[in-house]
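S.K.: structure, please.
(one chain, ligands or ions: 3)
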Amino acid sequence: MDKNQLTLGEFIIENQKDFKYSSGELSKLINSIRLAAKIVNHQVNKAGLVDILGDIGETNIQGEDQQKLDLYANDVFKSALINREIVCGIASEEEEDFITIEGRQNTHENKYVVLIDPLDGSSNIDVNVSVGTIFSIYRRITPSGKPVQKEDFLQQGKEQVAAGYIIYGTSTMFVYTTGHGVNGFTLNPALGTFYLSHPAMRFPKKGTILSINEGNYTRFPQGVKEYIKFCQAEEEDRPYTFRYIGSLVSDFHRNMIKGGIYLYPSSSKAPHGKLRLLYESNPMAFIAEQAGGSATDGYNRIMEIEPKKLHERVSFFCGNTEMVEKAEEFMRGFQ
Ligand code: AHG
Ligand code: MN
Ligand code: MN
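M.R.: Ligands and ions are numbered 1, 2, ... in the order given. Okay, the predicted model is just below:
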């Protein structure tokens, strides 16, 4: 990596004027996430070596197996965020309820809430396949000075002030937006520094990749089945390529760079799909739109959905705008 390349720390400072609230606040927030990301990265990298690997034999509140690294990552992000006098509350995939942070001398004056999927794609840990972290940040809407409330977390995605993901892949990347485009930083593991490697990330105009768990085909809505057939049809630019890692962060990341769509639709078994609106779909939707892509539930813009519950699920169509619009056309046509 060129030594003249901007680091994430430098980039944050150079761009903090774009943040519509107090400039130091964003730096503090992103810095604490950056720090936690490096710690989790270190642990993910040696997952095959140490006893941290594998199931702990408990299930989380969504009834899924929790892997040790999920809990580890949850703890790391929590403590990084709690200790920085900036966050008043955290909601996590791994916690049933949101966590209230009292702040300096119990004044409840911190202004931001963070929603997080500490380890995304955790079923891939055991098999050395990329996993990630997803985060979403809002300003609280209830007055500060009092403990944070549920409504501070249940905001529409369009109110996000920042969102991002970390991908622990063949290299580790930190990708985020504050509403001024999307920038990607790659970790130089020898130095422990993230460098700006992917400035102003955009979906290519034309996409040719579909990411979907086709094992659920028979349970999908007719519109999704028809869209899959459309993608498979022998035409000028089709069939498209099907690629599915089973880790939203990794599938999304590839699709943003190469051009594609990620679908986790509803099914007869899961009427609201699988992904969680607040800490999976909304942050990815914000990043997608900032990169020129789109995110809907098949009919409506994800970021305009009014959240009702912390762990609410939503059907998710996300990627190249042209592809999302095509998929929506099939959804409407076979409603
Ligand atoms: P998590 O590991 O945080 O529970 O998320 C897993 C999610 C998402 O990352 C992935 O795309 C999807 O679940 C895979 O689900 P299927 O195995 O049902 O395809
Ligand atoms: Mn996840
Ligand atoms: Mn997770």
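S.K.: quick check on the residue in the stretch 1-150 of the chain that ligand 2 sits nearest to: phi, psi?
M.R.: Of all residues in the stretch 1-150 of the chain, residue 120 sits closest to ligand 2, at 3.5 Å by CB to the ion. C-beta here means a position set from N, CA and C on the backbone, and glycine is covered the same way. Main-chain dihedrals, residue 120, degrees, to the nearest 10: phi -100, psi 140.
S.K.: for it, what are its contacts?
M.R.: 131, 132, 133, 134, 165, 247, 248, 249, 280 (CB atoms under 8 Å, 6 or more residues apart in numbering).
S.K.: go again with 10 Å.
M.R.: Residues in contact with residue 120 (CB atoms under 10 Å, 6 or more residues apart in numbering) are 70, 73, 93, 130-134, 165-168, 247-250, 252, 275, 279-280, 284.
S.K.: kindly report the same for residue 268.
M.R.: Per CB under 10 Å, 6+ apart, neighbours of residue 268: 216, 218, 219, 220, 221.
S.K.: what's the closest non-adjacent residue to residue 297?
M.R.: Of all residues not flanking residue 297 in the chain, residue 315 sits nearest, at 4.7 Å (CB to CB, 6 or more residues apart in numbering).
S.K.: the one you found is in contact with residue 280, isn't it?
M.R.: No. Residue 315 lies out of contact with residue 280 (CB atoms under 10 Å); the separation is 11.9 Å.
S.K.: quick check: neighbours shared by those two?
M.R.: 264, 274.
S.K.: quick one: check the top helix by length along the chain for contact with ligand 3.
M.R.: If you go by DSSP state H, the chain has its longest helix at helix 23-45. No. Figure legend: helix 23-45 not in contact with ligand 3 (CB under 5 Å from the ion); closest approach 11.8 Å.
S.K.: before we move on, what about stretch 164-179?
M.R.: No. Using CB under 5 Å from the ion, stretch 164-179 never reaches ligand 3; the gap is at least 11.6 Å.
S.K.: show me what the residue of the stretch 1-150 of the chain closest to ligand 2 is bridged to.
M.R.: For residue 120, the beta-bridge partners under DSSP bridges are residue 132.
S.K.: anything in the longest helix of the chain near ligand 1?
M.R.: No. If you take CB under 6 Å from any ligand atom as the test, helix 23-45 misses ligand 1, and the best it gets is 12.8 Å.
S.K.: in that helix, what counts as buried?
M.R.: Buried residues in helix 23-45, counting neighbours by 16 or more other CB atoms under 10 Å, are found at 25-41, 43-44.
S.K.: hmm, back to that, just the contacts of residue 268 now: which is nearest ligand 3?
M.R.: Among the contacts of residue 268, and counting by CB to the ion, the member closest to ligand 3 is residue 216, at 19.3 Å.
S.K.: which bits of the stretch 101-250 of the chain sit near ligand 3?
M.R.: 117, 119, 120.
S.K.: check the second one and give its pLDDT.
M.R.: Per-residue confidence at residue 119 stands at 96 (pLDDT).
S.K.: ok, the one 5 residues further on next?
M.R.: Residue 124 carries a pLDDT score of 88 in this model.
S.K.: residue closest to the middle of this protein?
M.R.: Nearest to the mean C-alpha position of the chain, by CA atoms, centre = their mean, lies residue 134 at 3.4 Å.
S.K.: in terms of helices and strands, where is that residue?
M.R.: If you go by DSSP states H and E, residue 134 is part of strand 131-139.
S.K.: near ligand 2, anything from that strand?
M.R.: No. Remark: strand 131-139 sits outside contact range of ligand 2, by CB under 5 Å from the ion, the gap being at least 6.6 Å.
S.K.: and the helix or strand following that strand, what does it pack onto?
M.R.: Downstream of strand 131-139, the first helix or strand assigned by DSSP H and E is helix 150-153. Other helices and strands packing on helix 150-153, by 3 or more CB pairs under 10 Å, 6 or more residues apart in numbering; DSSP states H and E, are strand 87-92, strand 112-120, strand 131-139.
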